[in-house]
Structures are given as C-alpha cells and as structure tokens.
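Peer 1: Pasting the sequence and the predicted model now:
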Amino acid sequence: MVSKWKKLCAIACPILMVGCLDGSDSLQRPPRTGDMAPEFQVEMMTTGDVISLADFRGETVLVNIWATWCIPCRVETPFLQETYEKYQDKGLRILGISVDSPGSRDIIESFLDENGVTYDIGLDPSMASTDIFSVIGLPASFLIGPDGTIVYNRIGPIAEKDPDFEGALELALE
C-alpha cells in the first residue's frame, strides 16, 4: 500500500519542479555566460587583505573555486598555472578561491608550492563563494571579461585544449 506521503509527493513534486523552472527571480540560479558576475569578497592568502571581484574590473579574470581534497581540482591546477603563464602578459588574472576548511593553510601552501602556483589565491573556508556562484561541484570556473560579464563558465575541470575555453579566453583578452 502506498503511503499518503508518497502520493502527496507524486503529485506535489512535479508541481514544485515546474514552479522552480518558471524563470522567476525568486530563486537563485547559477550565473551563466552573458550574466554580470556576482559580487563577492575573499581574503587573499599572501597578504590577508580582503578584496572584491570589483577590484578586478577592467581586467580579464578566471575565478576558479577549488579545494585541496578535490581530486579533479588537483589535476586541473597545473593546467591553470600553465594557462596563467601563457596569458598573464596579455592581461589574464587568475583568482583561485580555496574552500578548504579553517586550519588548512599549511596544506594549501604545500599544495601550491608543489605545483608552482603563482596566480592569486583567496581563502574562503566558509564556502560563501559556492553559494554566491551557486556551485554544485568542484572545481568551478568563471571567466569574467573586463566589463564584469561572464564569458565562459564550467563546473568540473577545464580540459586542456578545450576549444570553448580557449576561444572565450582569446576573445576576452582582445
């Protein structure tokens, strides 16, 4: 015998799903290509200064939300460093936002040293950036053009030689 709760869910859940997909602004959706990047602040690992995304206005910045415990993040990091080295003279900035737990600073520093990471790293142990960007998995990357518009986004690691990423990066740096 099917319980009354299962019957209620069978009726109500599809209705609620349609309500969630009606395009209303009452529910937050992940930012997409063409959207203005959401505003947020993060503490910089090297200086302890709190910076905001607005501080990068006028620059092309790749925001990469990651953690040391995330295997795909660990695999992606050398590619991001190579990308930074290749495009930094053309104006690319990378802001890696670590969502590792409080007290993980030594682990983060060790990981960054092992991988020769020289791009900017922010610390977000409260994981506020995952809420602000509506991230459902790590790593998550958002390429933001000089005007603050998202020109590429990806949940999961960016594959080397990804034509969509490379094309968006080239356009954003023009």
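Peer 2: Nice, I can see it.
Peer 1: Now do the helices in this structure.
Peer 2: Ranges of helices in the chain, per DSSP state H, are 4-20, 71-87, 105-114, 128-132, 163-172.
Peer 1: Mind listing what's buried along the last one?
Peer 2: For helix 163-172, a neighbour-count test (16 or more other CB atoms under 10 Å) marks Phe165, Ala168, Leu169, Ala172 as buried. (Glycine included, C-beta is placed from N, CA and C.)
Peer 1: Nearest to Glu76 among those?
Peer 2: Phe165 (11.4 Å; CB to CB).
Peer 1: so what pLDDT did the closest one get?
Peer 2: pLDDT recorded at Phe165 is 98.
Peer 1: Just give the nearest non-adjacent residue to it, would you?
Peer 2: Leaving aside its sequence neighbours, Phe165 sits nearest to Ile158 (CB to CB, 6 or more residues apart in numbering; 5.2 Å).
Peer 1: Quick check: the one you found touching Thr77?
Peer 2: No. Applying CB atoms under 8 Å as the test, Ile158 and Thr77 come out as separate, 10.9 Å apart.
Peer 1: Settle it for me: which of these two has more neighbours?
Peer 2: It is Thr77, of Ile158 and Thr77, that has more neighbours when counted by other CB atoms under 10 Å, with 24 against 21.
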